[in-house]
Every structure is written in structure tokens, then in C-alpha cells.
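K.L.:
quick one: sequence and predicted model below, then my questions.
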Amino acid sequence: MKKTIRGRDLVFAAVFLQVLYSFLPIIREFPFAIKLIFRAGPVVLMFLAALIRRSFWKKYLLLNVFAVFMALVRSMVYANGIVESIPTNIAESIMYWSCVIEGVYALSYFDANDARKLFRTALILIGISSISSIIGTILFPRAIRSTVSFLVEEFAYYKYNIGAYSYVYAIVFMLIPLFYLFKMPEERKNIADKRLLAVIIFEVAVNIILSQFMAAIIVALLSVVALLKTKSIRRLAIVLVSIVFAIYLFTEPVGLLLARIAEFAGNRGYHDLHERFNGLSRLLIVGNAYGDIGARISLYRISISHFLQNPLLGLIGVNGFRRATFYKTVKMLDIGIPSMVNSVGQHSDIVDLLGGGGIICFIPFILVIRYYWKSFRAYIKSSTLLRFSFIGLLQYLLYGVVDHSFSCVDVALVVFVLVPLLSKLGDGVSEVKPAE
């Protein structure tokens, strides 16, 4: 029994450090030595936990091999200068994908009290940081938007506890746990009052809008679908397909609605949202887009062109095992979208993975996601949690299609650890595995 307790405590400490780092932006302003504890500490703790719990050792090693593999692929197919150095890529990839084994370990050995402690901590930090981020964004309107600029090396506003790109997307994915807890009284017990949850949800929504991240808004809207009362994944899938089909049938009315939203955003000073909604409106009505939306479509087409040229290995099959040549994004768009462009599109991790490494590199990713979902699915006891968790998985895949999902460790924490821990709350919770 001692081994189980020690291993569980190590994993709990790893997750706790990640929760602090993800939802308290000011930590990123701390001295490097302290930040290293929050960044590298969880990796070290998971290594020690895997040594203690030998049944997880093989899975731990396989996931770390996969993490290194993903880092090397990204380093080769993304132009030098768009991503970090290869050692940095490997370190960040290990931190990201170790969240999967953390989640599987937590499902096996955490109990309801462990889950409640983590969710209480996360909610307190989100409540505090969302308020400071809202105030900070009002005082410094371009603060959060500046984090998406290639010219910004350091985010100057962490000292005010203003959340940047990673914080915004982390709270986007926290909407699923927040909505679930708000809806389920038994699971909410001993975590937070319903009124407090409503306030936090409101703060999160305001943060997402103020960030003007179009992808964040779209991914957040998908959370609302989880609130629909459907009793099976099949019915939920039918609802989602029906929504997409309705948009396809009524493209012009939807485009006009987006144009109205763009006008509304522009009149209130949200110029980035104005430009993006206008781009989407034009795409639906005219069939082509300008500005950021048009640029992203062009980038997607670059990766797709590499995939079509060599479906098995993508750009690696064309270019060999050499690092892609650096092109500035603007220059890349200026020269068009020929298949000889020596880099993937650089704005969709899933599409770029297909374009950069083809089916051969895409299959391991699918297998890891399948492993995560299969492990989580075994602990889901209610149709409500199944519905919410399925939408959470769709959110993650959508995020991977439209943005850089594989480099945001904060999102991995929420998707692969916190969302699965919802299964530990309320009645009918699976028992913690006994010591082996």
C-alpha cells in the first residue's frame, strides 16, 4: 500500500504544480529557477512515479518516445524560426504528452477527494486570474493580442497577473468542467456553490471575448452543445452534423449574420474580431476571404498540397530528413501556394502533421488519442458525463485543426487530466485500484 500512496502523491504533486502554473499567470514572472520547478518538476515527479508504479513504466516510456517523435517531426517540417530549437521542442513535447499518462494514472489511483482538491484550487485561481486579466485587458487593450505576434519575445504583462495565449485557451477548455459542475449538483458538492460557478463562467466568457482570439471563441461555443439533452453519442453526433449541414444550406443568411456581428464588434472597438468575422462572412457569401482568415486558408492549402504529393510521408517524403527552410509567413503568402514551398503551412498542428509527415506520422497521434479516450471511457458512468467529455474531445481536435494545439501544455492539462477527473466526482464513482 505504501507504494501506491507514494506514487499517487507524486502524481498529485505533479498535477498540482501544473494547475498553479496554468491558472496563475504571475508565476511566469518569477525567477527562472522557480519557474523551472513548475515546468520541469512535473516531468521529474512523473518519472519517479513511473519507477514506483512499474505497471505504468512501459506506458510511460512509450508516451515519452512518442513525445520525442512528435518533437522531431515538428522540428523538421516547421520552418526554422517558427518553432523553438530541437532540444526545446523535445522538452516541451515531453511536458505536453506526459499529461496523457498523468491522466491515466489519476483515473486509476486518485479518489474523489484528490479530484475535489484539484478542482477547488483551479476554480480559485481562475476566479482570481480572470478578474485581473479582465482589468488588465481594459487598461492595456492590446496586451493579450500581442502574444500572437512573432515580434514579441517576452510577455510584459505577467507581472499584473494578466493571462496570455495559453491561459485563454486553458480556460476555454475549462468550460466543459465548469458547465458540467454547474449542471450536476452531486458532483458540485464540496467544490463550489452554483452561484460562484456562474460568476466564474461569466468571467471566463468575458476573458475569451476580450482576448479577440477567433479560434478560442469558436471552440468555446462548441461547449454550449454539451448542454443539449441527448442520451447518446450517436444522437449528439447527429445534432452536430445537422448544425454543419444547416450552415451549408443557409450559407448566405449565416454569412449576413456574421457580417452583422462583425459590424457590432467593430463599432465597439474589437477590430481583430471585426476583421475575422468579416473574413468568415465573405468566405460563406463570396467563396473567398481576405485578411487573417484568407491567410490561414492559404496556409492550410500549403500543408494539404504536401500531403497530396506524398500521402504516406508528406513533406518528409519530398524533402527528406532535413529541416525546412525558413520563410516569413508574409513572404510565403506572397509567393503563392506551390507544392515546392519547403515548409508546412504553420497554423494547424493536425493539418500540418498530415502535410509534414503524412499518414505514417499521423497514425501514432491517432493511437495516443484513442488510448486516452479508451482509458477515460472505462470510468464514465453517466450519459451526461459521456456527452460533456465527447464534446471536450471534439473541442481538442477542432483546436488542433485551427491552431497550434501541440505546444500549449496548459490545454493538455485540462483535456487529458482535469476533464477525466470529473469521473471521480459524485455517485457511482469507480473505486481506486488496489496496490499490486
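P.N.:
That came in fine, so what should we check first?
K.L.:
which residue is the nearest non-sequential neighbour of Thr121?
P.N.:
Excluding the flanking residues, the one nearest Thr121 by C-beta to C-beta, 6 or more residues apart in numbering is Val19, at 5.6 Å. In short, each C-beta sits where N, CA and C put it, glycine included.
K.L.:
any idea which helix or strand comes after the helix or strand the one you found falls within?
P.N.:
Using DSSP states H and E, Val19 falls within helix 2-23. The first helix or strand that comes after helix 2-23 along the chain, using DSSP H and E, is helix 32-52.
K.L.:
whichever helix or strand comes after that following helix relative to helix 32-52, how many degrees between them?
P.N.:
Using DSSP H and E, the helix or strand that follows helix 32-52 in sequence is helix 57-77. Using axes from the mean of the first three to the mean of the last three C-alpha atoms, to 10 degrees, the direction of helix 57-77 lies 140 degrees away from that of helix 32-52.
K.L.:
which other helices and strands does helix 57-77 contact?
P.N.:
Helix 57-77 sits against helix 32-52, helix 86-109, helix 314-319, helix 349-377, with contacts defined as 3 or more C-beta pairs under 8 Å, 6 or more residues apart in numbering; DSSP states H and E.
K.L.:
could you rerun that using 7 Å?
P.N.:
Packed against helix 57-77, as judged by 3 or more C-beta pairs under 7 Å, 6 or more residues apart in numbering; DSSP states H and E, are the following elements: helix 86-109, helix 314-319, helix 349-377.
K.L.:
could you list every helix and strand in contact with the helix holding Val19?
P.N.:
Secondary elements touching helix 2-23 (3+ C-beta pairs under 7 Å, 6+ apart): helix 32-52, helix 86-109, helix 112-139, helix 409-413.
K.L.:
quick revisit: and the helices and strands packed on helix 57-77, which one averages the lowest pLDDT?
P.N.:
Mean pLDDT is lowest for helix 314-319 among the helices and strands packed on helix 57-77, at a mean of 81.
K.L.:
so for stretch 221-237, mean pLDDT?
P.N.:
Confidence for stretch 221-237, expressed as mean pLDDT, is 83.
K.L.:
what's the answer for stretch 410-430, then?
P.N.:
84.
K.L.:
among the helices and strands packed on helix 2-23, which is nearest Phe362?
P.N.:
helix 86-109 (15.3 Å; C-beta to C-beta).
K.L.:
from Ala259, how far off is the residue nearest to Thr121?
P.N.:
According to C-beta to C-beta, to the nearest Å, Val19 stands 40 Å off from Ala259.
K.L.:
these two - which one has more neighbours?
P.N.:
Val19 (23 against 17; other C-beta atoms under 10 Å).
K.L.:
and the more buried one, what pLDDT?
P.N.:
In this model, Val19 carries a pLDDT of 97.
K.L.:
report the angle between the helix holding Val19 and helix 32-52.
P.N.:
With the same axes, to 10 degrees applied, the angle from helix 2-23 to helix 32-52 works out at 150 degrees.
K.L.:
show me which residues of helix 2-23 are buried.
P.N.:
4, 7-8, 10-19, 21-23 (16 or more other C-beta atoms under 10 Å).
K.L.:
next: stretch 190-202.
P.N.:
For stretch 190-202, by 16+ other C-beta under 10 Å, it's Ile191, Ala192, Leu197, Ile200, Ile201.
K.L.:
distance of the nearest residue to the third one once chain neighbours are set aside relative to Asp111?
P.N.:
It stands for Leu197. Counting by C-beta to C-beta, 6+ apart, Leu197 lies nearest to Phe182, which is 4.7 Å off, once chain neighbours are set aside. Counting by C-beta to C-beta, the gap from Phe182 to Asp111 is 23 Å.
K.L.:
low-confidence ranges in the stretch 251-400 of the chain?
P.N.:
Counting by pLDDT under 70, the stretch 251-400 of the chain shows low-confidence ranges at 321-342.
K.L.:
just the C-alphas of stretch 176-189, formatted as PDB.
P.N.:
The C-alpha coordinates for stretch 176-189 follow below in PDB (Å, rounded to 0.1, in the frame of the first residue of the first chain):
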ATOM      1  CA  ILE A 176     -16.600  21.800 -20.100                       C
ATOM      2  CA  PRO A 177     -15.800  21.100 -16.400                       C
ATOM      3  CA  LEU A 178     -17.400  24.300 -15.400                       C
ATOM      4  CA  PHE A 179     -20.700  23.600 -17.300                       C
ATOM      5  CA  TYR A 180     -20.700  20.000 -16.000                       C
ATOM      6  CA  LEU A 181     -20.200  21.000 -12.400                       C
ATOM      7  CA  PHE A 182     -22.900  23.700 -12.800                       C
ATOM      8  CA  LYS A 183     -25.300  21.200 -14.100                       C
ATOM      9  CA  MET A 184     -24.600  18.300 -11.700                       C
ATOM     10  CA  PRO A 185     -25.400  19.000  -8.000                       C
ATOM     11  CA  GLU A 186     -23.900  15.800  -6.600                       C
ATOM     12  CA  GLU A 187     -20.600  16.400  -8.400                       C
ATOM     13  CA  ARG A 188     -20.600  20.100  -7.400                       C
ATOM     14  CA  LYS A 189     -20.900  19.200  -3.700                       C
END
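K.L.:
now do that stretch, average pLDDT.
P.N.:
For stretch 176-189, mean pLDDT is 90.
K.L.:
neighbouring contacts of it?
P.N.:
119, 191-192, 194, 197-198, 200-201, 204, 223, 226-227, 384-385, 388, 391-392, 418-419, 422, 425-427 (C-beta atoms under 7 Å, 6 or more residues apart in numbering).
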